[in-house]
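Peer 1: Any chance you can model this:
(one chain, ligands or ions: 2)
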Amino acid sequence: MRYKIAPSILSAKREILQKEVKEIEPFVELLHVDIMDGKFVPPTTFRPDEIKAVRTKLPKDVHLMVERPLTDGFIDDYIDAGASSITVHVEAKDSVKECLAYLKMKKIGTAVSINPHTPLEKLLPFLDEADMVLIMSVNPGYAAQSFIPEVLGKVKELRKLKPKLDIEIDGGISKDTIKQAKDAGANVFVAGNAIFNKPDRKAAIKELREALK
Ligand code: DX5
Ligand code: ZN
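Peer 2: Ligands and ions are numbered 1, 2, ... in the order given. A predicted model of the protein is given here:
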């Protein structure tokens, strides 16, 4: 199982986003793009044109924290902005089945996410259509929050069910929390604060990889 580091640009400097991405690009596997609509969670983040403008060889792992990914056009907007994979929340108001079917028809990677207090059972109906599952280890909406270790039980259970599936964990991942996430069975690690809020990003990413060992 390959370990993948996915820096979250929510913690990058928005006004120099291209420069921020170029700096970390050589050292990571994915770019985690957090999109919020102000309804599913209070904040709003990037516009599609800002993400489209980011030129990178990294796959854009778009995390939609929005109420209506399909009917409000977010899925189309971020396919156009170059998403390689799009994550929808089971807690969203649109049909997850419809969102995943649409993404498959558009040949975009599919991912489903659950919040810390949502039981794993809510994910099971979608597992066969998901290329990846995102287990939130913070309540969505903000960067630099504390890791919620109670979610690791869900990671463990999911890994037993799906030995080959990409399991992404998102929220409060640092050199102090990444190993327990890996030991529970996660293999894709989102990190915003632990990378972009450090002066030496390359060293911060190296530190995360060291902590995985
Ligand atoms: C929170 C986002 C996360 C967040 C992770 O709603 O989905 O991706 O940016 O940031 P850190 O690593 O700072 O917790
Ligand atoms: Zn995220």
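
Peer 1: residue boundaries of the helices in this protein?
Peer 2: 17-24, 48-52, 74-80, 96-105, 152-161, 178-184, 193-196, 201-212 (DSSP state H).

Peer 1: Of those helices, which is nearest Met136?
Peer 2: helix 152-161 (9.7 Å; Cβ to Cβ). Using the backbone N, CA and C atoms, a C-beta is placed for each residue, glycine as well.

Peer 1: if we look at that closest one, which residues are touching it?
Peer 2: 114, 119-120, 123, 127, 133, 135, 165, 167, 169, 180-181, 184-186 (Cβ atoms under 8 Å, 6 or more residues apart in numbering).

Peer 1: switch to 6 Å and redo it
Peer 2: The contact list for helix 152-161, computed with Cβ atoms under 6 Å, 6 or more residues apart in numbering, reads 120, 135, 167, 184-186.

Peer 1: got the residues of the protein near ligand 2?
Peer 2: 34, 63, 170 (Cβ under 5 Å from the ion).

Peer 1: Could you report the neighbour count for the residue lying closest to Val28 once chain neighbours are set aside?
Peer 2: Leaving aside its chain neighbours, Val28 sits nearest to Ile5 (4.5 Å; criterion: Cβ to Cβ, 6 or more residues apart in numbering). When counting by other Cβ atoms under 10 Å, one arrives at 22 neighbours for Ile5.

Peer 1: can you tell me which residues contact Ile5?
Peer 2: Ile5 touches 28-29, 189, counting by Cβ under 6 Å, 6+ apart.

Peer 1: got it, and Leu10?
Peer 2: 34, 143, 192.

Peer 1: What's the per-residue pLDDT of the residue nearest to Arg68 when sequence neighbours are not counted here?
Peer 2: Excluding the flanking residues, the one nearest Arg68 by Cβ to Cβ, 6+ apart is Asp94, at 5.0 Å. pLDDT, Asp94: 98.

Peer 1: check contacts around Asp94.
Peer 2: Counting by Cβ under 6 Å, 6+ apart, Asp94 makes contact with 68-71.

Peer 1: One more pass at 10 Å, please.
Peer 2: Contacts were defined as Cβ atoms under 10 Å, 6 or more residues apart in numbering; by that measure Asp94 touches 64, 66-72, 74-75, 88, 102.

Peer 1: could those residues go into TSV alongside distance to ligand 1 and neighbour count?
Peer 2: Putting those into TSV (distance: Cβ to the nearest ligand atom, whole Å; neighbours: other Cβ atoms under 10 Å) gives the following:
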residue	distance to ligand 1	neighbour count
Leu64	10	29
Val66	12	24
Glu67	14	18
Arg68	18	18
Pro69	14	31
Leu70	19	21
Thr71	21	13
Asp72	18	17
Phe74	14	25
Ile75	17	25
Val88	13	31
Tyr102	22	20
